[in-house]
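K.L.:
pasting the structure only:
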């Protein structure tokens, strides 16, 4: 597995070199648990990395409750290591795991300030996180914390220990299936077909999640293959990231005809509390949408 | 009144015996104050009880602010006693009143864990509570706490002192009239005509509320009858539980033609954060919807 | 500037005297920062004042983060002074600035009780504040605190040190541009053409905001005129309060044909958690909507 | 009783007039509950009032738990009224009762700021409160809050809505019987023989405490006289304020031989966190210690 | 081991039967972690149990941080099971383990109320816990919570869901070696020679602590015997409970000459915030001090 | 000033090189505000630095309230810059300023974990901070946080994102003048005569404190010299660090006769909650006490 990781890293570095541009984009993806950023924006991260841009993943909890037989700091250490490996596989330059208890994330001022600092330190152009409607309270409060960090990142009197951003980044929500009070609407949709397998490979680094905890929850622990190829195939079957209606519509908008046949995609909705980009700005921030220009 | 209560209890026990099934359902109703569960799901509770299922009411506050001339622990004791009596009248097997101040409920982690424990200890199949849109902050935060407990009830590392559930229950919102950001939509509607009087009788156990505090708030304290029959009639006039449009539609869906003429009903909307039941599962969880099978 | 202020005050006092009615209305406007009430309801406040009604502005934070080179208590003092001046210019009888840190407002019970007390002490008929959807977390939490104060203002056991209101006031949200989860809908719209310049003059008292901080944020600090007439003209250009679609529709509803040509307006949406007024009640509470009766 | 109160007030006003000095001293006494200031420093307050100085009592809770059959806001209102009456009887110019729940006082930043503001608004020269060693948690946390307010009262950036004091006042602890970790040591001791009956009369205004709650706790409710003279005599027997060893020693230091025969006294220990006064300063701040100079 | 436990239980039950008295004493021991009560008062608990009195152990945290390779809920479950076993071995009738994170105990109002309820539900005559001076923050805050519960247990308006005690219990601190701000002083000392081995056996139930975690911390994990006799001997060597000077002095006071030769003892210091017992009351509450009377 | 700083740095580096030892000691000094570590242990830090050991200063607040005309983030930035300069002058390798508001530090779990991480990241052998008795609440809570971090630094399940220490460091309190509940007792005393001027020079980097805020508080702002030599002389006169009785006694213990004539010294008291060092260990941890060995 080490070998595969290394090769990936090399390819990404080469790509980054070839496509080096004048302006490097800085992206922060916020997730509640180590493995949430991967599912929400792992394909996007790989595409950014290939173009030489800088992606940081931030998990707001340390994941110390996500297992049936392990827990606490002991589990957190396993998950932090998995996150580092996943980050490497996805071309992510930094993976921050905050030391908040899993299942206990609250939208406190303390946590808001931590999110503000991570966004500032990365000099973010784009910030991505979950919507405040989701089945897991940690996901919802991650969304609230992202909302609460928006705009405040430009106020110098807040968290004066880290220089304020000059401009409010564009904040986006990752796709979800929840309908109330309003469903997800994809303002941007990214074709991840070319990196789908690599995304799955990145996600698979979270072995304690995808091959232990989630199958245990689903009562399917006995169906998990032991070998890596089997596991990757299993995961690719379970997590297809096939576009929902809104994401499909957005794919067609951004990719034209080709958008109709994309198999795997990631959709994003622009949060109203950050910068509101026009089409040109969206194309600048998501350069994979206009490959000819690269 | 004692006699009437005893008779009710007997009838319910008999019914429970007659309709005894292989599988007993376990239901938890969450309310902000002692008397909220009664209004939201008192009819449903009676119908469950008749079929031998187990209903627990949980009030998240002790109601110690709901009066014009009494208050604090002194009032809480009155209301806890009223709750026990109401529970008996409604066939409820357990009535938990949490010792949180009325008017001060906050969506803290502490309170979330208390809700998780009550759901787990009851081995709940169904959990019912208010929507997060409502005129009273305690109602809204009860809803938030219910949402925050959903899913977490199956995570063994959370509240390890009480065994985690094997499956996420179905969570439902009780009906309300609030429109924003989105109105209540009845996924399930229950005809309570046959138990309407008994529901009113159960609610009437909250004398400090229905005959003291709420009329005082409305400036109609002088219109409250002194005798029990008069009070029951008064309450039945004021609280008709006549179905709104969405609940009516759902009644027709579940009861067919008969649904058009139901006078008193309780509607429930499925919360997206619990198990998402299909029609068959709904019929299993709400056996009063298919009486022939009983 | 002192002279102009004095004249304004005199005119308002005269107007108040001439139009003195039997019933004085009491209005509370809640804002997150010193200058928020002004923008949201400064025109309305002037119109109320002219009719002899009593308006109180309440800022839930002291604004101590809203500057690029000043901060803390030192800045708060400047902003409190600006607020007092703005209040005078707008005919506001009292301007309360709560000592909460700017950028750190949280929907705590403590803050809720402070809001309850301000509403009670003013014996409010009408309370106005932001919606819970807005780009600034302090705005959102101000909205939550307003919601959480609604109804509780009539409960005598809550904040017993200040007499509870007899009736729940009408609570309204000020207009904003945010669309999700649902857009602002104007139930009431007020033509402020006749007081527009005075509103701008009132806002201009917040020099540290309109001529320092906000231009700095926008990168336009060098475009700010030095002299007062220039500054007022600048502000009037930037803050036109030209009605959006929903407010326009409401203007036409309340003003008839004239509503189509109103240039500057303030729209308000009735919050579902306070008293729900009918048309007659709205006309009573907003007497500027029926000038012939005054 | 009204008559007696009025006469007291008149006498105190006259005394205040006669002894009017160039410098008026401002004193704040902090207590956890309405009736704590009275017991700790009621005699001192009377002596200050006679000399024309200004005493404010501040109760950090509203006393809403201190009864066996009443509670909440309903009880708080009774106790706030009792406090106002007690204040009148003791010559206290203002009696502030904070709306914190009795039995739930915590040393929060919010409460600290409230204490800071009360001290500043009174422009206090002297602040008195309990020691952090005491049987009641509210007493202990009142002491912590007093300690946490000391010095901060002079920092302008803290609570900028109320002007900071120019000088840190002298803070003192009232006497208690607790030995660990260190016993009370009287740095100042005040002979209250001449006002002892008036102090008892002031305390007696707290009828719900001295004639209801505390006897109920002690199981002596049946021993409480019904009539006022009987109650005053009962209270004078139970609360003699006879000086303990440390207070006796201090009495002798400050009063000489006369100190040996004082029957009723109040002792105070200088807190190390405020201004540290020398003998001369103590005599200035406690002018009743040198009556010849008045 | 099961057999040994069963025999112990039988012996204790027999003893309890033989020595059954008219008045059963109820004792609550508070510890921060599962295993703290055992060390502090395990011998005393055994002696109470032999005399038929009722002892409850309460651990304020679930111990979920006390291991080098396990943690979280997974560890908490192990420790809760160990606590139940230890309780059986020591004749403890109930062992409550609160679900607070180990290493994160804070003196919150929530936790105070939980302690109050445990004391009330046991109708405690005696409550024992640590002093607020100790090397572990959880120990210190357990002490603070015990202090904060003292007296409040008799106030009916506090935690009205559990009936208030009629009398404040006697609260005592268990012995420790800390000197500042003041050293432990034994007001009561108990000769535990006759139950020393049984105490060690009870403590040994906490295998994850005494044979895993604490040796790991000390770097002596390789010195731990594998077999039970070896482990018991090891523990008895490491934890001798040989009386310190203050406890020795107290032993002599209570046991006379015999006190000079006691090998194993437990000392207790009376907390000033509970009932202050005289000698006769101490002898009543600690009947093992006067065996002839039993 | 730059030149002087550079020279100091060079000298220290040279010294560090010359005295390079096998074992480098790691020291953390905790202060409430930027400038507290300097006063408490600035001389010690210089002596450590000369011997090649690694000292980190940590300020638990950002100092944003410590001025009469500036505040908030604007002030915090000034003070953070002053701290960096002071650190350089004192040979401190890292100076961490936590972003907590000055005057608002609370002993929260969040802050405790931050302190734990700083101690762990430095792999500290020695940790120094204030005693919990001090005139400023921030100082007291810094002390509580230090106490609460002691021992927890070795528990791997706590703050698992930073590797736990293998051994509990020695924790020490810096000297103060407060007497209750017990006075400071110097277990270690350090002769700082040789670095006194350099310590003063380091302190002087906090210009906003020593030449602005503190003189303003004392009413002596007009006595502050404008030029650097004058300021250094002024500061050296005001802050002599002449040893108090307990520190003098300790100086004699550690330095023998020479200890009697030391002019400037820093005393430290061993906290009971960390490792308890014997004399040999103290000499190892404070190598400046046995210069012949270096």
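P.N.:
Everything's here; your move. Note that the structure is predicted; figures quoted are calculated from it, not measured.
K.L.:
now the stretch 51-200 of chain A, which segments are flagged as low pLDDT?
P.N.:
Applying pLDDT under 70 to the stretch 51-200 of chain A picks out no residues at all.
K.L.:
Which parts of it are strands?
P.N.:
Counting by DSSP state E, counting those that start in this stretch, the stretch 51-200 of chain A has strands at residues A:54-59, A:94-97, A:126-129, A:170-174, A:188-191.
K.L.:
So which bits of the second one are buried?
P.N.:
By neighbour count, with 16 or more other Cβ atoms under 10 Å in any protein chain shown as the criterion, the buried positions of strand A:94-97 are A:95, A:96, A:97. (Glycine included, C-beta is placed from N, CA and C.)
K.L.:
who does it touch, helix- and strand-wise?
P.N.:
On a contact count with 3 or more Cβ pairs under 8 Å, 6 or more residues apart in numbering or on different chains; DSSP states H and E, strand A:94-97 meets strand A:54-59, helix A:72-89.
K.L.:
Remind me what the shortest one packs against, helices and strands.
P.N.:
Identification of packing neighbours for strand A:54-59 by 3+ Cβ pairs under 8 Å, 6+ apart yields strand A:26-31, helix A:36-50, helix A:72-89, strand A:94-97, helix A:109-121.
K.L.:
May I see the buried residues of it?
P.N.:
So for strand A:54-59, counting by 16+ other Cβ under 10 Å, buried means A:54, A:55, A:56, A:57, A:58, A:59.
K.L.:
Provide the contact partners of that strand at residue level.
P.N.:
Strand A:54-59 is contacted by residues A:24-34, A:36-38, A:45, A:48-49, A:83, A:87, A:90-98, A:115, A:118, A:122, A:124 when judged by Cβ atoms under 8 Å, 6 or more residues apart in numbering or on different chains.
K.L.:
which of those residues are buried?
P.N.:
For the contacts of strand A:54-59, a burial check counting by 16+ other Cβ under 10 Å picks out A:25-34, A:36-38, A:45, A:48-49, A:83, A:87, A:90-93, A:95-98, A:115, A:118, A:122, A:124.
K.L.:
How about residue A:30: what's its closest non-neighbour residue?
P.N.:
Leaving aside its sequence neighbours, residue A:30 sits nearest to residue A:129 (Cβ to Cβ, 6 or more residues apart in numbering or on different chains; 3.7 Å).
K.L.:
which residues pair with the one you found across the strands?
P.N.:
Each beta-bridge partner of residue A:129 is listed here, defined by DSSP bridges: residue A:173.
K.L.:
chain center to stretch A:219-234, what's the gap?
P.N.:
Centroid displacement of stretch A:219-234 relative to its chain, using Cα atoms, centre = their mean, to the nearest Å, is 23 Å.
K.L.:
ignore the last one, stretch A:203-210
P.N.:
Distance, stretch centre to chain centre, for stretch A:203-210: 15 Å (Cα atoms, centre = their mean).
K.L.:
Now the terminal residues of that stretch, how far apart.
P.N.:
End-to-end distance of stretch A:203-210: 8 Å, with Cα to Cα, to the nearest Å as the criterion.
K.L.:
contact partners of that stretch?
P.N.:
For stretch A:203-210, the surrounding residues in contact (Cβ under 8 Å, 6+ apart) are A:33-35, A:38-39, A:42, A:63, A:66-67, A:70, A:75, A:78-79, A:82-83, A:85-86, A:89, A:211, A:228, A:231-232, A:235, A:239.
K.L.:
Can you turn the buried subset of the residues you listed into a selection I can paste into PyMOL?
P.N.:
Buried members of the contacts of stretch A:203-210, defined by 16+ other Cβ under 10 Å, are picked up in PyMOL with:
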select buried, chain A and resi 33+34+35+38+39+42+63+66+67+70+75+78+79+82+83+85+86+89+211+231+232+235+239
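K.L.:
Chain E next: which of the contacts of stretch A:203-210 are close?
P.N.:
Among the contacts of stretch A:203-210, the residues within reach of chain E (Cβ under 8 Å from any Cβ of the partner chain) are A:67, A:70, A:75.
K.L.:
Which one of those is nearest to chain C?
P.N.:
Nearest to chain C, judged by Cβ to the nearest Cβ, of those is residue A:75 at 30.4 Å.
K.L.:
At the geometric centre of chain A, which residue do we find?
P.N.:
Centrality entry for chain A: nearest residue to the mean C-alpha point is residue A:37, 2.9 Å, by Cα atoms, centre = their mean.
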